[in-house]
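[1] Okay, sequence plus prediction incoming.
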Amino acid sequence: MNKLKLLSLAALSALAVSSAANAKDNMGGGFTGPGTDVAVITVEQAKGLNDEAMVILRGNIQKQIGEEMYIFSDGTGTINVEIDDDDWMGQNIGPDDLVEIKGEIDKGWTKLEIEVDQINKVNN
């Protein structure tokens, strides 16, 4: 009976070590297959989407209008975007910089904006 307990304990220990090593190797990754692609759309297209729809837009941030609120334009229209301080990730971005923003539509009775999850400069 002691041998059985010892073997069970050894097997559980090996499984735990294997799982921890696997988790370390996979940190930061995720699924990239079908169903995860979101195409770049225009501001005008974004305005017609439902609340919480995921979007990717390319254009320029024209100016800041609040603490974390900005006006974004892509040539088809403008929309307010909320960019939290930590979403800038150390980037300095001006009105002349082409950027790609990823986020979700935040639609209410009196507002329409995009809550930005990620912003990156685009090399043109």
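    Now that the structure is in, tell me what you want to look at.

[2] which residues does the residue lying closest to Thr78 once chain neighbours are set aside bridge with?
    What sits nearest to Thr78 in space, not counting adjacent residues and going by Cβ to Cβ, 6 or more residues apart in numbering, is Ile71, at 5.4 Å. (C-beta placed from N, C-alpha, C; glycine too.) For Ile71, the beta-bridge partners under DSSP bridges are Lys63, Asn80.

[3] Contacts only, for Ile71.
    Applying Cβ atoms under 8 Å, 6 or more residues apart in numbering to Ile71 gives the contacts 61-63, 65, 78-81.

[4] so how far is Asn120 from it?
    19 Å (Cβ to Cβ, to the nearest Å).

[5] And Glu100, by the same measure?
    The value you get for Glu100 to Asn120, if Cβ to Cβ is used, is 5 Å.

[6] what's the answer for Met54, then?
    16 Å.

[7] Gln91 now?
    Distance, Gln91 to Asn120, by Cβ to Cβ: 7 Å.

[8] what does Lys63 give?
    19 Å.

[9] More neighbours: the two, which one.
    Asn120 (13 against 10; other Cβ atoms under 10 Å).

[10] In terms of pLDDT, where does that one sit?
    As predicted, Asn120 sits at a pLDDT of 95.
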